[in-house]
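Undergrad: attaching a predicted model along with its sequence, questions to come.
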Amino acid sequence: MCGFTGYIDSKGISNSEAILKMLELQRHRGPDDSGVVGINFNQSTFEEVGVKQPFGFTVSPDLIFGFNRLSILDTSPAGHQPMIHPRRKVVLMMNGEVYNAFDYKSELESKGYHFKGHSDTEVVLYLYLEYGLEEMLAKLNGMFALAIYDGQQQELYLVRDRMGIKPLYVLKDEERFAFSSEMKSFKALPEFKFELDESRLSEFLLFRNSINETLFQNIVNITPGTYWKVNATGDYSVHTYYDVRVKQNPGKSTTQKELEQVLRHSVQRQMISDVKLGAQLSGGVDSSLVTAFAADTLKQGGLETISIVFEDPRFTEKKYIDEVARSYNLKSHQFTLSAESYFELLDEAVWHFEQPINHPNTIGIKLLSREAKKHVTVLLSGEGADEALAGYSRFLPTAQKLFSITNLKKLIKNRNQFGSYLALVLSSDKRYILQTAYGGVAAATQLYSNFSPTAAIQSRLSLWESIIDKAGLKRRKYELLSYLPDLLIRQDKMSMAHSIENRVPFLDNEMVVASLNTPESLLVKKHKNRWEGKWLLKEICTEAFSESFAYRSKMGFGIPLKLFFTSSAFKSRWEQELLPGIKTRGLFNSAPLEKNMRHPEQMNAEQLDALWLMVVFELWAKQYLD
């Protein structure tokens, strides 16, 4: 787990020391080691240089690779990156972990490859040399972003893993082509300035993200399951090597026993590490099962868990965290998120997230990661289960009805936009897409005079229509493609801010296939006369813990926003900095925010959410746009 960055300098506008500044801006991703390689693209020559002063190349390169390493597998110098094969003229950088890499080691040795160390990166390099890019990618089971320069092909390949667990951003404009694990590294490029792309504001206000896009002009996050083939001038083509929309093992139905077995194997596979490993435990079904199966593979008491709790019992799942720890004799580290610590972490979290923070609980993950670093370097989490196994309430039949209580409440909230809102929800497809939104049409319209519901859902509607499956499976694939990516980015950014590697066993290759082959009738089902999502997983959880543990009401990772916004620390900052900043920027209407902040204790959920969004947008804009 690491971070890398680089750029093509075909016009000679950069200086070579820019790479050092780019690496420094994401040093937190890999504090253990750094490396730089300069490449002459068309001559297929390269030069590795040290990162300390005096810094420079003997021949000015037109492509530069820079790498920060967090040592997880093979902490020795043999795992140093960028990794070079001089005879075959290949330079490779990898951020992430490939869990099945060592399955291929003996095969590669039999073909004449000699290993200098025992890192998964070296295996990936040799797989590329032996099989080429597409066949290599078909073999990999893991989370990764790759940058590969192939001197024989005179091509640069930029690759993102199947599900988008690891980010890989590309900046492409008239002057430059750059890539990075984190966008903040682009700040170091000469004469570059981040600029807001206002065309994406409607989608952002409603959904809190633009799928694989950003709020910056000319910057995208490479689509999961694709790679870019780039030439010396920065011209590129996009190729898909994996698409979750394509059915695998058609006709195969996953049973409860098979699902449990695949999840156990996934957890075991993802526990490879040469450093200390723990579990991110919220107390919910998903993280509890991952923790339980991880604990089963170690000596009793060998696993440590990290959790965030709250003093307010309405927002904490402490008793379930305690139950898991007690059941498996685990050392449980629990940290309380207070109003004071929340706002202390907010600015730093925005800096690391690089976009206006999508959800208030992101701050909790930031605190969890900071405290986890005192105990472990790798964390297993339960991310991905709700999307792949129908865990959200919007999967339930009651949520699909036009005149459900939930939908009727939303119609009332949007009564001032009744016509345009009704036109959306009368379509069952658009109605489901709206259910995946963090925000509401009414609030977005109130805040932003140019808000367009049609523009907000357009890219998501196109994605929805591209999925050819029955309704239940179509919803799950849509969630994996649209809702999950931003949650994974949140986990990556907040954990890597503290040099923590976060792994997601529910998104293992085999687990995703098993999940999508699980019949809808075993996922959305009644239990004691109440509809439940993720039913089969809850049955597995019942066996691991108890029925009451598995079938309690879903709490999620709640944040007591009203408590935070009524604190004296926030009120002071709101009046002195945040409100004046929002007014001066002039993008959004501050009047409803001012009105609500006169009596913050009376704000409802929508008003709290709108205030949150405007606060984090202003903090982000100060850091990245000003």
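TA: Received the coordinates, thanks.
Undergrad: send me the lowest-mean-pLDDT helix or strand in the chain as PDB with only the CA atoms.
TA: Least confident helix or strand of the chain, by mean pLDDT, DSSP states H and E, is helix 405-413 with a mean of 72. Below are the C-alpha coordinates for helix 405-413, written out as PDB (Å, rounded to 0.1, in the frame of the first residue of the first chain):
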ATOM      1  CA  ILE A 405     -44.800   6.500   3.500                       C
ATOM      2  CA  THR A 406     -41.200   7.400   2.800                       C
ATOM      3  CA  ASN A 407     -42.000   8.600  -0.800                       C
ATOM      4  CA  LEU A 408     -45.000  10.500   0.400                       C
ATOM      5  CA  LYS A 409     -42.900  12.400   3.000                       C
ATOM      6  CA  LYS A 410     -40.400  13.300   0.200                       C
ATOM      7  CA  LEU A 411     -43.300  14.600  -1.900                       C
ATOM      8  CA  ILE A 412     -44.400  16.800   0.900                       C
ATOM      9  CA  LYS A 413     -40.800  18.100   1.500                       C
END
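Undergrad: show me how far it is from its chain's centre.
TA: Distance, stretch centre to chain centre, for helix 405-413: 31 Å (C-alpha atoms, centre = their mean, to the nearest Å).
Undergrad: same check on stretch 391-406?
TA: Centroid separation for stretch 391-406 versus its chain: 26 Å, with C-alpha atoms, centre = their mean.
Undergrad: skip the chain neighbours and tell me the closest residue to residue 336.
TA: residue 309 (5.6 Å; C-beta to C-beta, 6 or more residues apart in numbering). (Glycine included, C-beta is placed from N, CA and C.)
Undergrad: now residue 30
TA: With C-beta to C-beta, 6+ apart, the residue lying closest to residue 30 is residue 68, at 3.0 Å.
Undergrad: specify the beta-bridge partners of that neighbour.
TA: As for beta bridges, residue 68 partners with residue 3, residue 34 under DSSP bridges.
Undergrad: state the number of residues packed around the nearest residue to residue 152 once chain neighbours are set aside.
TA: Closest residue to residue 152 apart from its sequence neighbours, by C-beta to C-beta, 6+ apart: residue 89 at 5.6 Å. Applying other C-beta atoms under 10 Å, we find 17 residues neighbouring residue 89.
Undergrad: tell me the pLDDT at residue 89?
TA: Residue-level confidence at residue 89 comes out at 95, pLDDT.
Undergrad: for the least confident helix or strand of the chain, packing partners?
TA: helix 418-425 (3 or more C-beta pairs under 8 Å, 6 or more residues apart in numbering; DSSP states H and E).
Undergrad: skip ahead from the helix it packs on and say which helix or strand is next.
TA: Next along the chain after helix 418-425, taking DSSP states H and E as the criterion, comes helix 428-435.
Undergrad: so where's the protein uncertain?
TA: Low-confidence segments of the chain (pLDDT under 70): 1, 11-15, 74, 301, 418, 554-559.
Undergrad: now do the closest residue in space to residue 41 that isn't next to it in sequence against residue 155, distance only.
TA: Of all residues not flanking residue 41 in the chain, residue 232 sits nearest, at 3.9 Å (C-beta to C-beta, 6+ apart). Separation of residue 232 from residue 155 (C-beta to C-beta, to the nearest Å) stands at 9 Å.
Undergrad: do the same with residue 489
TA: For residue 489, the distance to residue 155 - C-beta to C-beta - is 27 Å.
Undergrad: between the two, who's got more neighbours?
TA: Taking neighbours as other C-beta under 10 Å, residue 489 and residue 155 compare with residue 489 leading, 22 against 17.
Undergrad: check the gap between the more buried one and residue 212 for me.
TA: Noted for residue 489: a distance of 10 Å to residue 212, by C-beta to C-beta.
Undergrad: residues shared between the contacts of these two?
TA: Common contact partners of residue 489 and residue 212 (C-beta atoms under 8 Å, 6 or more residues apart in numbering): 164, 221.
Undergrad: just to revisit the earlier point, and the residue nearest to residue 152, how close does it get to residue 39?
TA: Taking C-beta to C-beta, one finds residue 89 at 10 Å from residue 39.
Undergrad: cool, residue 73 as well?
TA: Distance, residue 73 to residue 39, using C-beta to C-beta: 26 Å.
Undergrad: so for these two, which sits in the more crowded spot?
TA: More neighbours surround residue 39 than the other of residue 73 and residue 39, with 25 against 21 (other C-beta under 10 Å).
Undergrad: could you list every residue that touches that one?
TA: Neighbours of residue 39 in contact, by C-beta under 8 Å, 6+ apart: 45, 46, 61, 62, 63, 64, 65, 91, 149, 151.
Undergrad: recalculate using a threshold of 6 Å.
TA: Each residue near residue 39 by C-beta atoms under 6 Å, 6 or more residues apart in numbering is listed here: 46, 61, 63, 149.
Undergrad: and what of residue 80?
TA: Shown in contact with residue 80 (C-beta under 6 Å, 6+ apart): residue 35.
Undergrad: go with 7 Å
TA: 33, 35 (C-beta atoms under 7 Å, 6 or more residues apart in numbering).
Undergrad: just the one 5 residues further on next, same as before
TA: Neighbour list for residue 85: 125, 129 [criterion: C-beta under 7 Å, 6+ apart].
Undergrad: measure it to residue 279 for me?
TA: For residue 85, the distance to residue 279 equals 37 Å [C-beta to C-beta].
Undergrad: my guess is residue 436 meets residue 480, correct?
TA: No. Between residue 436 and residue 480 there is no contact under C-beta atoms under 7 Å: 11.6 Å.
Undergrad: give me the more crowded residue out of those two.
TA: Set side by side, residue 436 and residue 480 show more neighbours around residue 480, with 24 against 19, by other C-beta under 10 Å.
Undergrad: which helices and strands sit right next to the host helix or strand of residue 220?
TA: Per DSSP H and E: residue 220 is located in strand 219-221. For strand 219-221, the contact count by 3 or more C-beta pairs under 7 Å, 6 or more residues apart in numbering; DSSP states H and E identifies strand 169-172 as packing neighbours.
Undergrad: and the strand it packs on, what's buried?
TA: By 16 or more other C-beta atoms under 10 Å, the buried positions in strand 169-172 come out as 169, 170, 171, 172.
Undergrad: out of these, which is nearest to residue 484?
TA: residue 169 (18.0 Å; C-beta to C-beta).
Undergrad: beta partners of the closest one?
TA: The partner residues for residue 169, given DSSP bridges, come to residue 180, residue 221.
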